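Participant: only geometry, no sequence info:
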């Protein structure tokens, strides 16, 4: 039997070309889109910090509704709400063991933190004075550690949460953030331009849920009921394009 090597082909002037790994692996797709505030953007409201002089220099502002210069609506949460979606093995392999939320500049950073149940939450305090960080998820034992400068605390969620759970500082009442806890990685939070991307989704029909802290479930389109919609994910790129959000939808119902 004759065996051929790459050197053999090279010697006779035959060039072998090998295809690179495709950008999108078979059976998986990415989802993108942009949420846009469909109206005059509200001006960020300053938080009164006159009774907290250590926070005054940070010029803290209300982060409930954040609209970018081009109208992009930040901090919209979109996640797969189908039960037990198939997860791309590469996402499991690269999953960090811990995620961090920080008390920094008299606010929480990030304002919305996605994580998986298997991960450990680390709560830091980078400010030169104390904060507490109250995490009390529904149906689970919470924590409320007092954190001095440079201190840390850890917390493990025991199950995924249907909606984002708040983390608050009882010392500085305006400090509030949200943690999105799921048993899969298919969660996105819109950036300052209102854009998001969820990578390596399984192809096929999936249910998605959209949430915003001002109102909870966000039904930006008439066909979305309680912020939910079905979408068939195809291999490669899937784009929801521009989703306009009527300002009335961000007003809590009385």
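Facilitator: Everything's here; your move. Predicted model, so just to flag it, every value in this text is computed and none were measured. Numbers count the residues shown, from 1 in each chain.

Participant: hmm, residue 107 is touching residue 167, no?
Facilitator: No: using Cβ atoms under 8 Å, residue 107 makes no contact with residue 167, being 11.4 Å away. To be clear about C-beta, it is placed using only N, CA and C from the backbone, and glycine gets the same treatment.

Participant: contacts only, for the spatially closest residue to residue 175 that is not a sequence neighbour.
Facilitator: Nearest non-adjacent residue to residue 175, counting by Cβ to Cβ, 6 or more residues apart in numbering: residue 169, 3.8 Å away. Residues counted as contacts of residue 169 (Cβ atoms under 8 Å, 6 or more residues apart in numbering) are 103, 108, 131-134, 175-176.

Participant: likewise residue 243?
Facilitator: 33-36, 220-221.

Participant: now the residues you listed in JSON lines, with pLDDT, secondary structure and neighbour count?
Facilitator: Listed next are these as JSON lines, based on pLDDT from 0 to 100; DSSP: H, G, I helix; E, B strand; the rest coil; neighbours: other Cβ atoms under 10 Å:
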{"residue": "33", "pLDDT": "98", "secondary structure": "strand", "neighbour count": "20"}
{"residue": "34", "pLDDT": "98", "secondary structure": "strand", "neighbour count": "21"}
{"residue": "35", "pLDDT": "98", "secondary structure": "strand", "neighbour count": "26"}
{"residue": "36", "pLDDT": "98", "secondary structure": "strand", "neighbour count": "20"}
{"residue": "220", "pLDDT": "97", "secondary structure": "coil", "neighbour count": "21"}
{"residue": "221", "pLDDT": "97", "secondary structure": "coil", "neighbour count": "14"}
